[in-house]
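Trainee: sharing a model that was predicted from the sequence below.
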Amino acid sequence: MGIDKKRFVLDDLAPNVAIVQELAKSAALLRETGISSVWATPGKSQLEGFAVIGFDGRTIERLDTPTPQPWVLPCKVSRPDGTHWANVLAIWTHKSKDDGRPPHAQQFQEAITAWSTTIESTLTLAVGDLNASIQSPSRGGH
């Protein structure tokens, strides 16, 4: 079920900013009046991506990246008055068999390393789907 059918959940939460993964680029939410968003895909599909979405006048802008990592969507979040609030590193670690990417936890580590200067100097939130829970059904490492 796509986000457009579950939009009521976001409405109930009333977020200022949301990070949503498994989101199609064509989602109506991304085109709504008053919504600011940046979308990316960790792979090649336009049907499966993730986005940083601003509500209630928050503005989302993509940041230039020091190291291209398709699993990281770096964004600047501004308040309704235009002042900078924080940076967001939306992270969706993603790995397919034989795709050449490092393991999930290493993807997260590489993102933090690449953005360490920004993290040390500016309020930066690293959020998303890391696919590296120790409490997963299988005890095997990601």
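Mentor: Alright, I've got the coordinates. Note that this is a predicted model, so its numbers are computed, not measured.

Trainee: and the lengthiest helix in the chain, average pLDDT?
Mentor: For the chain, the helix with the greatest residue count under DSSP state H is helix 104-114. Across helix 104-114, pLDDT averages out at 89.

Trainee: in the helix or strand following it, what counts as buried?
Mentor: Going down the chain from helix 104-114, the next helix or strand is helix 116-121, by DSSP states H and E. Across helix 116-121, burial judged by 16 or more other CB atoms under 10 Å covers residue 119. All C-beta spots, glycine's among them, are computed from the backbone N, C-alpha and C.

Trainee: what angle do helix 104-114 and the next helix or strand after helix 116-121 make with each other?
Mentor: Using DSSP H and E, the helix or strand that follows helix 116-121 in sequence is strand 124-129. Computed by axes from the mean of the first three to the mean of the last three CA atoms, to 10 degrees, the angle separating strand 124-129 from helix 104-114 equals 160 degrees.

Trainee: strand 124-129: how far from the chain's middle?
Mentor: 7 Å (CA atoms, centre = their mean, to the nearest Å).

Trainee: residues in contact with the most centrally placed residue in the chain?
Mentor: Central residue of the chain (CA atoms, centre = their mean): residue 90, 2.8 Å from the mean position. Shown in contact with residue 90 (CB atoms under 8 Å, 6 or more residues apart in numbering): 19, 50-52, 72-75, 127-128.

Trainee: did I read that right, residue 76 in a helix?
Mentor: No: looking at residue 76 with DSSP: H, G, I helix; E, B strand; the rest coil, it is strand, so not inside a helix.

Trainee: before we move on, back to that, just the buried ones from the contacts of residue 90?
Mentor: Of those, these count as buried by 16+ other CB under 10 Å: 19, 50-52, 72-75, 128.

Trainee: what's the angle between the longest strand along the chain and strand 124-129?
Mentor: Ordering each strand of the chain by length in residues (DSSP state E) puts strand 84-92 first. In terms of direction (the same axes, to 10 degrees), strand 84-92 departs from strand 124-129 by 30 degrees.

Trainee: mind listing what strand 84-92 pairs with, with the direction of each?
Mentor: According to DSSP bridges, strand 84-92 forms sheet pairs with strand 72-78 (antiparallel), strand 124-129 (parallel).
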